[in-house]
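In: Structure here, sequence nowhere to be found:
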């Protein structure tokens, strides 16, 4: 059994900080669960474009308010606590945080911890990482 | 892109209610993500034994307080917001909710929605479901 506390993990190399957001990786590929699990904060007023071409991701809003725009269709969905979105089509999307968003994220395949966000908003596939 | 709201899903057949806990399945196997994602509530004062012999599960505490006991070792870990446990060894465990626990749960392989908890606290493997 693995037990980890977000507050402890945030003071370790599990915390990855990028402009406008940070992410604490509570589970990574090396944990052998077949998915990774992250708590991600998107800072108030920030906007981000992502496209995980090589991963499926689900994102559950724990706290905060914002929106997600599907960049293929232009459709905008409100985000508030209890809303989950799942990028089952590797959907290119724009996330906007009205207030700080705290999101619980699952990735399949699991993130290894070695990826960097590339200029196109994706992570490299695992074999390129 | 799939977008679902917990409050809407709780008024649908995504909500499964059992003695002492309920679970709202926001993602199931049929969604094709390779994992399932559930918001599970363990009612205040309830205690439960589980052993997912055929699944890996990670559980992140969104709210509430309680504890988890590893029934192989007797070790007890406190559960509070920000604590995650991952059953990487299909660990048999006892969960106790001091107050209502709200937990964000990921399963691999994904739950199909057809499983029932068996007397031994497990779900059947997918091929038996």
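Out: That came through fine. Everything numeric here is computed off the predicted structure, so don't read it as measured data. Numbering: from 1, shown residues only, chains lettered A, B, ... in the order given.
In: Tell me how far residue A:22 lies from residue B:12.
Out: 34 Å (Cβ to Cβ, to the nearest Å). The C-beta positions use only the backbone N, C-alpha and C, and glycine is treated the same way.
In: With neighbour numbers in mind, choose between those two.
Out: The residue with more neighbours, out of residue A:22 and residue B:12, is residue A:22; 16 against 10, by other Cβ atoms under 10 Å in any protein chain shown.
In: Is the host helix or strand of residue A:59 in proximity to chain B?
Out: Assigned by DSSP states H and E, residue A:59 belongs to strand A:56-63. Yes. Strand A:56-63 reaches chain B (Cβ under 8 Å from any Cβ of the partner chain) through A:56, A:58, A:60, A:62.
In: Name the residues linked to the spatially most central residue of chain A by a beta bridge.
Out: With the centre of chain A defined as its mean C-alpha position, the nearest residue by Cα atoms, centre = their mean is residue A:105, 5.1 Å away. For residue A:105, the beta-bridge partners are residue A:38, residue A:59 (DSSP bridges).
In: Model confidence for it, exactly?
Out: Residue A:105 carries a pLDDT value of 98.
In: Just give the closest residue to residue A:53, not the sequence neighbours.
Out: residue A:122 (4.5 Å; Cβ to Cβ, 6 or more residues apart in numbering or on different chains).
In: In contact with that neighbour, which residues?
Out: A:50, A:51, A:52, A:53, A:54 (Cβ atoms under 8 Å, 6 or more residues apart in numbering or on different chains).
In: what's the spacing between it and residue A:27?
Out: Distance from residue A:122 to residue A:27, counting by Cβ to Cβ: 21 Å.
In: and stretch A:30-42, how far out from the chain's middle?
Out: Stretch A:30-42 sits 9 Å away from the centroid of its parent chain (Cα atoms, centre = their mean, to the nearest Å).
In: Show the end-to-end separation of it, please.
Out: 25 Å (Cα to Cα, to the nearest Å).
In: Buried ones in it, by neighbour count?
Out: For stretch A:30-42, burial by neighbour count (16 or more other Cβ atoms under 10 Å in any protein chain shown) applies to A:31, A:33, A:34, A:35, A:36, A:37, A:38, A:39, A:40, A:41, A:42.
In: residue contacts, the closest residue to the second one other than its chain neighbours?
Out: In this structure, residue A:33 finds its nearest non-sequential neighbour in residue B:56, 4.7 Å apart by Cβ to Cβ, 6+ apart. Residues in contact with residue B:56, defined by Cβ under 8 Å, 6+ apart, are A:32, A:33, A:34, B:86, B:87, B:88, B:90, B:107, B:108.
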